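>>> generate a structure from the sequence data that follows.
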Amino acid sequence: MSIQLADIQKFFFYAMMQGYAGNAPKAKAPGMPGYKEIDVISISESWRCLDRYCVTPLSNKSAGTTTIWYQNDPVWVMHYGGEYSEEVIDFLKIALRANYEKEIFLGCRGPEYLESQDGKNLCYTNSLFEGSKTFAAFNGFESIRDLDNRLLGYHGYMGMSLLP
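Now for the predicted structure:
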């Protein structure tokens, strides 16, 4: 079977809903002190998505890599890093799920704009840099602010297909 970019993207959305945005259990990453990982394997075992990330106890800064394999060959990767305060993590997951549930690609993150509906007055924004708007190659920036425009967290991200 020939693998297509659309196949990778479909598995990406499935894996993300099963993973971090879906509140999957996290495990310690073997041989990587301070790292956690979420490993999602398809029922057929042809697909695997491994999200490994670290958050230092010295700050709210974090970084990670999400890799997708097809039949044990890496086919796609995304890197991300920045910082989020603990108080906005639940809203971050809501923003991510807003796009993942509908399989909307916007840099593999959340929507362009989303306001919290729980009275916390939070605002999520996400934008791709010009010229990087496909699942095959993308680069962008997301953030959460309060309505006074105080920055409460952000991630820069980039990713690409590893297919020819």
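
>>> in whichever strand or helix holds S62, what's buried?
For S62, the host element (DSSP states H and E) is strand 61-70. For strand 61-70, a neighbour-count test (16 or more other Cβ atoms under 10 Å) marks S62, A63, G64, T65, T66, T67, I68, W69, Y70 as buried. From N, CA and C alone the C-beta is placed, and that goes for glycine too.

>>> list the residues that contact the fifth one.
This means T66. For T66, the contact set (Cβ atoms under 8 Å, 6 or more residues apart in numbering) comprises C49, L50, D51, R52, V77, M78, Y80, C108, G159.

>>> list phi and psi for the third one.
Main-chain torsions, D51, degrees, to the nearest 10: phi -110, psi 110.

>>> redo the buried residues of strand 61-70 as JSON lines? Include distance to D7 and pLDDT.
Output for the buried residues of strand 61-70, formatted as JSON lines (distance: Cβ to Cβ, whole Å; pLDDT from 0 to 100):
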{"residue": "S62", "distance to D7": "29", "pLDDT": "95"}
{"residue": "A63", "distance to D7": "28", "pLDDT": "97"}
{"residue": "G64", "distance to D7": "23", "pLDDT": "97"}
{"residue": "T65", "distance to D7": "21", "pLDDT": "98"}
{"residue": "T66", "distance to D7": "16", "pLDDT": "97"}
{"residue": "T67", "distance to D7": "16", "pLDDT": "98"}
{"residue": "I68", "distance to D7": "10", "pLDDT": "98"}
{"residue": "W69", "distance to D7": "12", "pLDDT": "98"}
{"residue": "Y70", "distance to D7": "8", "pLDDT": "97"}
